[in-house]
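**Student:** coords please:
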Amino acid sequence: MRAAALGVLLGVGFTVSTAVGAASSATGTTAATTTTTATTTTTAATTTAAATTTAQPAPANTGAPTISGTAQDGQLLTASTGSWSNSPTSYSYSWLRCDANAGACSAIGGATSSRYTVTSSDVGHRLRVVVTASNSGGSGQADSNATDTVQASGNAPANTKQPSLTGSAQQGSTLTVDVGTWSGSSPITYDYTWQRCDTSGANCSTFITHDVQATQYTLGTADVGKRMRVEVQAKNAYGSSYVYTPVSAVVAPPKTTQSATTIAVANVSLPDRLVIDRVSFSPNPVRSRNTPIVARFHVSDSHGLSVQGALVFALGLPYGWTYNAPEQATGPDGWVSLVIRPTRNMPLRRADLVMFVRARKPGDSLLAGVSTRRLVQEGIGY
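**Tutor:** Below is the predicted model:
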């Protein structure tokens, strides 16, 4: 029985030993296996991480950028980004100036916004924009189509220096208009509207309207005690604008003391009448439409005295051959000079220019009082 127990004990010991050995062997194997597994796991993790951190693809253009706006000097153009794949996170822009065929393009300095204001340097050129789309994976570029050829812009006249009047504010003196200075597209033309105002410079009334020739005016009796101003209107193909001169000083009567051979028109009364007794023309005859006719008329009364302050008006006939000249007052010697300007309708063949001339007393009816009328003529093309 003891032998059996010993056999059992030895068997157990062997088994335990074997088990221990097996355990040791198993432990070693397990450790190795654990080590191998750890190594394998680390490699897999590294591979997974590498796959996870692969760079995102750079943006790729799927629809070209476009430019909106008018290709004209001074206008604002706006660029769209176009369409892109791979989720761009930012965009940048570069505007290009190209030749008229949309080639030979070069970058415009400082033009790196989605908006660009066209300048005079762009006139005659065509414009493009290059859009760069970026993300963490890189960037891509795409060009827009070219704009139309950039056109120059035009501007209506704008006054930059007020017009003015020069000359002495006294009866018999001549006032001259200085148009001042104007901005705007050339060519610019001007016309003149003359007005008489009260002593405060208000309540102005017009007596010459939009006359392109009326750059000068000789002050007459009707202007004494008034202040003068001129509306200067500037025009070009893009519009018009006007500005008034400052008003003149109050127009004074003439300084000249009348002689025994001169009478003021205010002292001529019925039954005496005004008489247009002398006439002269220069040039005479007329041979060019470009040369103004200076017509001089002398006015006296029924006693032969020269009349100062009579208002004289002349009208060329047939109608349309000449521009109308403003009514003017005679000077201390009874003479007045009117500038008659031919129109393009006046023939240059041999003919006669007839003038209806009227002299009147200020305040009198045009058809009554001491007024007088006369027809005179000047030769054309003789």
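**Student:** Assign the residue nearest in space to the middle of the chain to helix, strand or coil.
**Tutor:** Nearest to the mean C-alpha position of the chain, counting by C-alpha atoms, centre = their mean, stands Asn155 at 2.3 Å. Secondary structure assignment for Asn155 (DSSP: H, G, I helix; E, B strand; the rest coil): coil.
**Student:** wait, isn't it in contact with Ser183?
**Tutor:** Yes - the criterion here is C-beta atoms under 8 Å, and Asn155 meets it with Ser183 at 7.0 Å. For glycine as for every other residue, the C-beta is placed from the backbone atoms N, C-alpha and C.
**Student:** Let me see the contact set for the spatially closest residue to the residue nearest to the centre of the chain that is not a sequence neighbour.
**Tutor:** What sits nearest to Asn155 in space, not counting adjacent residues and going by C-beta to C-beta, 6 or more residues apart in numbering, is Gly184, at 4.9 Å. Taking C-beta atoms under 8 Å, 6 or more residues apart in numbering, we find Gly184 in contact with 155-158, 234, 236, 238.
**Student:** now these: which count as buried?
**Tutor:** The neighbour count (16 or more other C-beta atoms under 10 Å) marks 156-157, 234, 236 as buried among the contacts of Gly184.
**Student:** Show me which pair in these is furthest apart.
**Tutor:** Ala156 and Ala234 (8.5 Å; C-beta to C-beta).
**Student:** chain center to stretch 75-85, what's the gap?
**Tutor:** Computed by C-alpha atoms, centre = their mean, to the nearest Å, the chain-centroid distance of stretch 75-85 equals 29 Å.
**Student:** now do stretch 94-113
**Tutor:** Chain-centre distance of stretch 94-113: 26 Å, with C-alpha atoms, centre = their mean.
**Student:** do you know how far Ala202 is from Arg196?
**Tutor:** Per C-beta to C-beta, to the nearest Å, Ala202 is found 11 Å from Arg196.
**Student:** How about Ala152?
**Tutor:** Look at Ala152 and Arg196: by C-beta to C-beta, they are 43 Å apart.
**Student:** who has more neighbours, those two?
**Tutor:** Arg196 (19 against 12; other C-beta atoms under 10 Å).
**Student:** And for the residue lying closest to the more buried one once chain neighbours are set aside, the neighbour number?
**Tutor:** Using C-beta to C-beta, 6+ apart and skipping residues adjacent in sequence, the residue nearest Arg196 is Lys226, 4.3 Å away. Lys226 has 22 neighbours, counted by other C-beta under 10 Å.
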